[in-house]
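Trainee: when you get a sec, could you give me coordinates for this:
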Amino acid sequence: MKKIFLRLAVHGAVALAVVVALMSPAYFFGWFSDTPPLTWFRVKYFWIFLAFGVALAGCSRFRTVAAVLGLLGILELTQFGSLAFSGEYITPFSIGLMFVEFLEVVETATAHSLHFLFVPLIVGLPYAFCLLILRRTWSLQFKSRWFTFAVIVFLLFPLIRIKTHSDRADIVNFFPTAFNLTLVNTLNSYSLWFGVLLPERLFATKGKKEFQAYDIREMKNPPQPMTIVLIMGESLTPNHMSLFGYKRQTTPFLDSLVENPAFVYGKGFSAANATRSSLPMFYTVQYHPLDENGLQRQDANLFDLAKQHEFATYYLSAQNSNCLNGVRISSIDHMITSDVRPELFEVQKDEGLLQLLREVRPTARNFIVVHQRNLHLPYQANTEHRPQFQKYPVRGLEYQKAGINAYDNGVHYVDFLYQEVIKEVKKMTDGPVYFFITSDHGEELGENGHWGHDQLNLDSPSVPIMFYGLGVEPQFIRKMREKPLQTHYEMGLKIAEVLGYEIHNPEEEGGIVYVNGVASLGRSGYLRFRRGQGGRPENLQIFR
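Mentor: As a prediction, the model looks like this:
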């Protein structure tokens, strides 16, 4: 009996050593670099890695154990090498580029080896120490061929999950995120490349369109001291805003701005009809859903453009960090999301964004993104902490009517938040402020018999496109009125212009609008239509 307990204790200790080896490199990385900050511990992954450690310690052959740890170590070396050199997680696109330009990668790594010598150390030492423990205690561990099978399942699980997930068409969902452990991001990226993108490239049919890169030019005059605030809403449709003629007064603050010459507003279309496909397109100013250049090259990444012109950059979000999947985040100076400050948003809901704005320490130039959540389902749960916005009853009514009432209450709350955000920003700066306001996508509330926003039609992506200027030159506002923004793409171009850049897209088709479906890169279809008189859509085409 003592021998059994001894073996259990040793097996458990070795499994813990495996956990330490897998998690600690991200912790040690923080000793040498603080961009980006890495998540090195999460309870969920602790238990997953512990189960993997139990299986690894139980493999019947030491060579198998050494090969598995060696493979994971090599993959993590590429991850931390990318983080150290570029400040970015390795993505499936960069993995493909790494194999194509392997010699250049090796040459670059060799040339800068002294600067990044810590990378092989923070990965190699924990893995080597773990391997040594496994070797020294080999005879005291339980052994079974089933443990080897479990290890194989663990290594293949990211690909299995990608292939079987309900959102498997949207590969950007599985891109690295700041609040996953590095090994999870690494396995996801390599699984995507070898299991999805590489086969597609090998077996793709001929005739796939190649898109030309954008021409991005710095403007002659650098931007003056200013603050740019992008308020990104959630599931906000103009069809339920009194600003656009809705029968209920849901937007009293915005209504009060109608006669203000600094306020420009209109209806428009989001880049896509789902958050995780819309936002990467917005922040990288992607025009055509099939054009991968924006996600691969990130040349028009708005955070990068802001940083290059010495803007302090902020991303304040009431949603999770995975809303930025596919967007390079190394140029974001301050990134605070609901998974960083969960206690704040659990209590204050979207008003937690106001608290985060109060913590901003503005510089001469500031680029601040404020991402809301409150109109996300369930609508009622995100506003019930504020009785004054419960104008329309939701209890004791049939589901659809209660849903509309809860949504309208939420729109009233959104309107209140706009007013408060503007107040907070006015307090923090005396310089000109450019407010760009829109939503990640729209929402259907019974239109055409649909609810939600996942339909390939013209209602799901219908969003407000608004601008409000404080201390902004009248000439800029006049141009905004003469040529109002009607799409996310156009708003992205305008923000880039204020940041000091002109973006010329050789693939842009005059008067043609594209709207992606729920999955990035057109994987679940997209819309194409022409803007007619008054901006009305004409010649709608649906590509699936």
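
Trainee: can we go C-alpha only for contacts and neighbour counts from here?
Mentor: Noted.

Trainee: any stretches of this structure with poor pLDDT?
Mentor: Along the chain, the model assigns pLDDT under 70 to residues 35-36, 100-102, 104-105, 107-109, 111-113, 205-207.

Trainee: centroid residue for it?
Mentor: Against the mean C-alpha coordinate of the chain, by CA atoms, centre = their mean, the closest residue is residue 324 at 1.0 Å.

Trainee: just to check, that residue is in contact with residue 175?
Mentor: No: here residue 324 does not reach residue 175: they are 9.3 Å apart, not a contact under CA atoms under 8 Å.

Trainee: and the residue nearest to the centre of the chain, what is it in contact with?
Mentor: Residues in contact with residue 324 (CA atoms under 8 Å, 6 or more residues apart in numbering) are 177, 276, 279-280.

Trainee: in helices, which of these appear?
Mentor: 276, 279-280 (DSSP state H).

Trainee: tell me the one of those nearest residue 413?
Mentor: When the ones in helices among the contacts of residue 324 are compared for distance to residue 413 (CA to CA), residue 279 wins out at 22.4 Å.

Trainee: which ones are touching the closest residue to that closest one other than its chain neighbours?
Mentor: Closest residue to residue 279 apart from its sequence neighbours, by CA to CA, 6 or more residues apart in numbering: residue 440 at 6.5 Å. Residues near residue 440 by CA under 8 Å, 6+ apart: 232-236, 270-275, 278-279, 463.

Trainee: one more time with 10 Å
Mentor: 231-236, 269-279, 282, 371-372, 461-464, 488 (CA atoms under 10 Å, 6 or more residues apart in numbering).

Trainee: repeat for residue 140
Mentor: Residue 140 makes contact with 3-4, 6-11, 57, 134, according to CA under 10 Å, 6+ apart.

Trainee: which one of those residues sits closest to residue 168?
Mentor: Of all the contacts of residue 140, residue 168 sits closest to residue 57, with 32.3 Å by CA to CA.

Trainee: which residues touch the closest one?
Mentor: By CA under 10 Å, 6+ apart, residue 57 lies in contact with 10-15, 17-18, 65, 131, 134-135, 137-138, 140-144, 147-148, 151.

Trainee: just to check, residue 384 is in contact with residue 393?
Mentor: No: taking contacts as CA atoms under 10 Å, residue 384 lies outside contact range of residue 393: 11.3 Å.

Trainee: check which helix or strand residue 340 maps to.
Mentor: Remark: residue 340 resides in no helix or strand, with elements defined by DSSP states H and E.

Trainee: next, count neighbours for it.
Mentor: Per other CA atoms under 10 Å, the neighbour tally for residue 340 reads 16.

Trainee: ok, now how distant is it from residue 385?
Mentor: Per CA to CA, to the nearest Å, residue 340 is found 21 Å from residue 385.

Trainee: what of residue 426?
Mentor: To residue 385, residue 426 is 26 Å away according to CA to CA.

Trainee: count of residues packed around residue 355?
Mentor: Look at residue 355: counted by other CA under 10 Å, it has 14 neighbours.

Trainee: cool, residue 447 as well?
Mentor: By other CA under 10 Å, 12 other residues sit near residue 447.

Trainee: next one: the one 4 residues further on
Mentor: Using other CA under 10 Å, residue 451 has 15 neighbouring residues.

Trainee: if it is in a bridge, with which residues?
Mentor: residue 445 (DSSP bridges).

Trainee: number of nearby residues for residue 513?
Mentor: Counted with other CA under 10 Å, residue 513 comes out at 21.

Trainee: got it, and residue 50?
Mentor: The burial count for residue 50: 21, using other CA under 10 Å.

Trainee: mind listing what's buried along the strand or helix carrying it?
Mentor: For residue 50, the enclosing helix or strand under DSSP H and E is helix 43-57. Burial within helix 43-57, assessed by neighbour count using 16 or more other CA atoms under 10 Å, is assigned to 45-46, 49-57.

Trainee: the nearest residue to residue 491 once chain neighbours are set aside: what's it in contact with?
Mentor: Distances taken as CA to CA, 6+ apart put residue 485 closest to residue 491, at 6.1 Å, once the chain neighbours are dropped. Listed by CA under 10 Å, 6+ apart, the contact partners of residue 485 are 264-269, 464-467, 491-494.

Trainee: got a PyMOL select line for the buried ones in these?
Mentor: To isolate the buried ones among these in PyMOL, judged by 16+ other CA under 10 Å, type:
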select buried, resi 264+265+267+268+269+464+465+466+467+491+492+493+494
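
Trainee: and the contacts of residue 485 as a markdown table, adding distance to residue 119 and secondary structure?
Mentor: Output for the contacts of residue 485, formatted as a markdown table (distance: CA to CA, whole Å; DSSP: H, G, I helix; E, B strand; the rest coil):
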| residue | distance to residue 119 | secondary structure |
| --- | --- | --- |
| 264 | 50 | strand |
| 265 | 50 | strand |
| 266 | 51 | strand |
| 267 | 50 | strand |
| 268 | 47 | strand |
| 269 | 45 | strand |
| 464 | 46 | strand |
| 465 | 45 | strand |
| 466 | 46 | strand |
| 467 | 45 | strand |
| 491 | 40 | helix |
| 492 | 36 | helix |
| 493 | 38 | helix |
| 494 | 40 | helix |
